[in-house]
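Engineer: please find the sequence and the predicted model below.
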Amino acid sequence: MLRPWKLEFEIDKKLGKAVYLQIADTIITDIRSGRLKPGDALPGSRNMAVMLKINRNTVVEAYQVLINEEWVISKERKGIFVSDKIPMLHSKGIHRISDALDQPMAGNGMIINFDDGHPDSKIAPVTELARAYRQIFSIKAKWQMMGYGNEHGDIEFRKMISQMLNHQRGMQIQENEISITRGSQMGMFLTAQSLLQSGDCVIVEDPGYQPAWQAFEYTGATLLPMPVDKEGINIEMIEKLLIQHKNIKAIYITPHRQYPTTVTLSLSRRLRLIELSNKHHITIIEDDYDNEFHFGYRPILPLSSFPELDHYVYVGTLSKVVAPALRIGYLATKNQDLLNKIGSLRKIIDVHGDVIMEQAVLQLIKEGAVKKHIKKATVHYKHKRDFVYRLLKEHMKDIADFTLPEGGLAFWIVPKAVLDWDEVTASLLEKNIKIIHPKQYSRDYVNGFRLSYGSLQEDQLEQSITIISEVLAKLSE
């Protein structure tokens with residue numbers, strides 16, 4: 001088989017990124033630039049390893065990343081090929097740079113609460129954070145932090161966030177294109193108030209995240225719910241809506257792990273959504289609420305990392321990483337007019353952010369404490385996820401459908417029978433177990449619920465999942 005394509009690649013040891021990810025990103029660049037076309041064959045892993053003078057396992061890992069992210073496909077006994085499902089995008093020539101309290105046991109008559117996917121507060125780096133606060137208050141120039149600061153947040157903190165977004169999430173963002181907020185919900189509200197007005201329409205996922213919907217509706221905008229399937233939001237229906245409605249201003253999505261179903265928006269749909277956004281001049285509001293906790297090779301890169309995307313607002317949070325009680329989030333956008341409006345509105349409701357907290361978190365990032373905590377937390381949550389998956393297979397495989405999520409802190413459970421969720425939630429509450437009613441995800445009927453595991457202990461999870469399965473089985477009869 002002829003393999004005319006050759007990888008033009010040199011390992012950059014100063015980049016601070018794993019070699020297999022450097023290889024994967026270089027191949028992605030070649031696919032997006034047109035050097036590699038749909039159907040083109042890639043060299044075998046052995047040949048690639050010899051060509052690059054590296055271990056074959058490194059190439060295998062790079063190819064696995066490309067398969068996971070749908071850039072290539074593996075054909076048995078034939079090799080690795082560029083996916084023929086990738087729509088071509090016009091490149092601009094820009095290169096990529098590489099909230100919960102402890103719940104008591106139900107046996108004592110107390111509630112086991114399956115929250116919204118909150119982290120385990122017991123493993124938060126509280127000691128390190130306290131030390132960082134003490135060090136900040138001991139510096140000689142601490143008086144400089146006691147006055148009013150910039151409405152978008154501390155400049156050094158924004159620089160660090162921009163570096164994190166660029167190096168870890170493939171974005172092209174500068175510190176003056178970032179605004180620090182008190183949590184992602186504040187970022188959503190500021191974006192909605194600055195971008196939308198009465199009469200505008202916003203496309204949202206259904207089921208989806210209703211607190212964001214409320215922020216949009218508060219502006220007088222109308223929501224246009226779009227169904228979600230195993231590949232994410234329905235793009236064909238979005239295309240039809242864009243023809244029918246000329247006042248659609250934004251599309252709100254959670255593409256990395258769709259809330260609440262945890263599915264990942266497929267690559268082909270991502271690229272098509274970017275085309276539609278550019279064509280119709282619509283802003284994509286991307287909510288990447290739990291990017292850090294990923295158990296596969298790496299998190300799927302945000303839509304906002306694609307240089308082809310013209311109009312976006314990227315919203316993230318550090319609250320789940322550092323400590324749930326610390327409300328610290330951020331938004332990023334290339335739209336300076338929008339960012340100026342956000343800054344002006346921020347001054348009205350909150351003159352400036354918590355500079356002391358920003359400096360403390362900045363110090364944790366610089367000294368590597370945050371990176372160390374994320375690594376520790378990822379192992380912790382992966383163990384919990386696998387434990388819950390075993391319980392689900394043992395107790396629920398015959399009564400509900402579920403998949404093993406690649407990250408995040410929750411499963412999406414869909415009973416095989418259509419259930420009355422008022423009855424389900426009431427029956428569970430009688431047994432001291434509280435789940436979020438599916439009506440919180442949609443204004444229509446949803447036959448599924450979000451089973452979070454981050455903030456619960458293993459004995460609580462085992463006890464409650466057994467009870468939940470019994471209730472679902474009984475009400476399915």
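Structural biologist: Ah, there it is. Residues are numbered from 1 along each chain as shown.

Engineer: so how many other residues sit close to the residue nearest to residue 405 when sequence neighbours are not counted?
Structural biologist: Counting by C-beta to C-beta, 6 or more residues apart in numbering, residue 262 is the residue found nearest to residue 405 once chain neighbours are left out, at 4.5 Å. From N, CA and C alone the C-beta is placed, and that goes for glycine too. Applying other C-beta atoms under 10 Å, we find 23 other residues in the vicinity of residue 262.

Engineer: and the lengthiest helix in the chain, what other elements does it pack with?
Structural biologist: Taking residue count as the measure and DSSP state H as the definition, the longest helix of the chain comes out as helix 369-395. For helix 369-395, the elements it packs on are helix 126-138, helix 319-322, helix 355-366, strand 410-415, helix 458-476, judged by 3 or more C-beta pairs under 8 Å, 6 or more residues apart in numbering; DSSP states H and E.

Engineer: deepest of those, which one?
Structural biologist: Per-residue neighbour counts averaged over each of the helices and strands packed on helix 369-395 give the maximum for helix 319-322, namely a mean of 24 (mean count of other C-beta atoms under 10 Å).

Engineer: any idea of the mean pLDDT for that helix?
Structural biologist: In this model, helix 319-322 carries a mean pLDDT of 76.

Engineer: now do it: which elements does it pack against?
Structural biologist: For helix 319-322, the packing partners by 3+ C-beta pairs under 8 Å, 6+ apart come out as helix 369-395.

Engineer: run through who's touching the helix or strand that the helix it packs on is followed by.
Structural biologist: From helix 369-395 onward toward the C-terminus, using DSSP states H and E, the following helix or strand is strand 400-401. For strand 400-401, the external contacting residues (C-beta atoms under 8 Å, 6 or more residues apart in numbering) are 392, 413, 414, 415, 416, 472.

Engineer: would you mind measuring from the nearest residue to the third one once chain neighbours are set aside to residue 440?
Structural biologist: In space, residue 414 comes closest to residue 448 once its chain neighbours are excluded; the distance is 4.2 Å by C-beta to C-beta, 6+ apart. For residue 448, the distance to residue 440 under the criterion C-beta to C-beta, to the nearest Å works out to 12 Å.

Engineer: who has more neighbours, the two?
Structural biologist: Neighbour tally, residue 448 and residue 440, criterion other C-beta under 10 Å: the higher count belongs to residue 448, 20 against 15.

Engineer: surely the more buried one touches residue 411?
Structural biologist: No. At 10.1 Å, residue 448 and residue 411 do not qualify as touching, with contact defined as C-beta atoms under 8 Å.

Engineer: how many neighbours does residue 66 have?
Structural biologist: Residue 66 has 24 nearby residues by other C-beta under 10 Å.

Engineer: wait, residue 445
Structural biologist: Counted with other C-beta under 10 Å, the burial measure for residue 445 works out to 10 neighbours.

Engineer: which pLDDT value goes with the residue nearest to it when sequence neighbours are not counted?
Structural biologist: Once flanking residues are discounted, residue 445 sits nearest to residue 438: 7.8 Å by C-beta to C-beta, 6+ apart. We note a pLDDT of 96 for residue 438 in this prediction.

Engineer: tell me if I'm right that residue 438 and residue 446 touch.
Structural biologist: Yes. With contact taken as C-beta under 8 Å, residue 438 and residue 446 are classed as touching, separated by 4.1 Å.

Engineer: now find how far off-centre stretch 203-220 is within its chain.
Structural biologist: How far stretch 203-220 lies from its chain's middle: 17 Å, per C-alpha atoms, centre = their mean, to the nearest Å.

Engineer: and the gap between residue 415 and residue 39?
Structural biologist: 41 Å.

Engineer: now do residue 67
Structural biologist: With C-beta to C-beta as the criterion, residue 67 and residue 39 are 16 Å apart.

Engineer: before we move on, what about residue 221?
Structural biologist: Using C-beta to C-beta, one obtains 43 Å as the distance from residue 221 to residue 39.

Engineer: which of the two has more neighbours?
Structural biologist: residue 221 (23 against 10).

Engineer: low-confidence stretches in the stretch 1-150 of the chain?
Structural biologist: Along the stretch 1-150 of the chain, the parts satisfying pLDDT under 70 run over 1-4, 14-16, 87-109, 139-149.

Engineer: all helices of it, in order?
Structural biologist: For the stretch 1-150 of the chain, applying DSSP state H, counting those that start in this stretch gives helices covering 19-33, 45-52, 56-68, 126-138.

Engineer: output those as CSV; include the columns distance to residue 180.
Structural biologist: Below are the helices of the stretch 1-150 of the chain laid out as CSV (distance: least, C-beta to C-beta, whole Å):
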stretch, distance to residue 180
helix 19-33, 28
helix 45-52, 41
helix 56-68, 31
helix 126-138, 16
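
Engineer: which of the three states applies to residue 301?
Structural biologist: Following DSSP: H, G, I helix; E, B strand; the rest coil, we place residue 301 in the coil state.

Engineer: what's the pLDDT at it?
Structural biologist: Per-residue confidence for residue 301 comes out at a pLDDT of 92.

Engineer: tell me where the stretch 51-200 of the chain has strands.
Structural biologist: Taking DSSP state E, counting those that start in this stretch as the criterion, the stretch 51-200 of the chain carries its strands at 72-75, 79-82, 112-113, 178-181.

Engineer: how about those, which one is nearest residue 458?
Structural biologist: Nearest to residue 458 among these is strand 112-113 (12.3 Å), distances taken as C-beta to C-beta.

Engineer: that closest one pairs with which strands, parallel or anti?
Structural biologist: Using DSSP bridges, the neighbouring strands of strand 112-113 in the sheet come out as strand 433-434 (parallel).

Engineer: helix or strand right after the partner strand?
Structural biologist: Later in the chain than strand 433-434, the nearest helix or strand by DSSP H and E is strand 449-452.

Engineer: pull out the buried residues from that following strand.
Structural biologist: Of all the residues in strand 449-452, those buried under the rule 16 or more other C-beta atoms under 10 Å are 449, 450, 451, 452.

Engineer: what of stretch 255-269?
Structural biologist: Within stretch 255-269, the residues that qualify as buried are 255-267, 269, counting by 16+ other C-beta under 10 Å.

Engineer: ok now that stretch, how far from the chain's centre?
Structural biologist: That offset, for stretch 255-269, works out to 9 Å (C-alpha atoms, centre = their mean).

Engineer: same question, stretch 170-179
Structural biologist: Its chain's C-alpha centre and that of stretch 170-179 lie 17 Å apart, by C-alpha atoms, centre = their mean.

Engineer: mind saving the C-alpha coords of it as CSV?
Structural biologist: Extracted C-alpha coordinates of stretch 170-179, given in CSV (Å, rounded to 0.1, in the frame of the first residue of the first chain):
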residue,chain,number,x,y,z
GLY,A,170,-5.3,24.3,22.6
MET,A,171,-6.7,27.8,22.6
GLN,A,172,-5.2,31.1,21.3
ILE,A,173,-6.2,33.5,24.0
GLN,A,174,-4.4,36.5,25.7
GLU,A,175,-4.8,37.8,29.2
ASN,A,176,-6.7,40.9,27.9
GLU,A,177,-9.3,38.6,26.4
ILE,A,178,-10.2,37.0,29.8
SER,A,179,-12.5,38.1,32.6
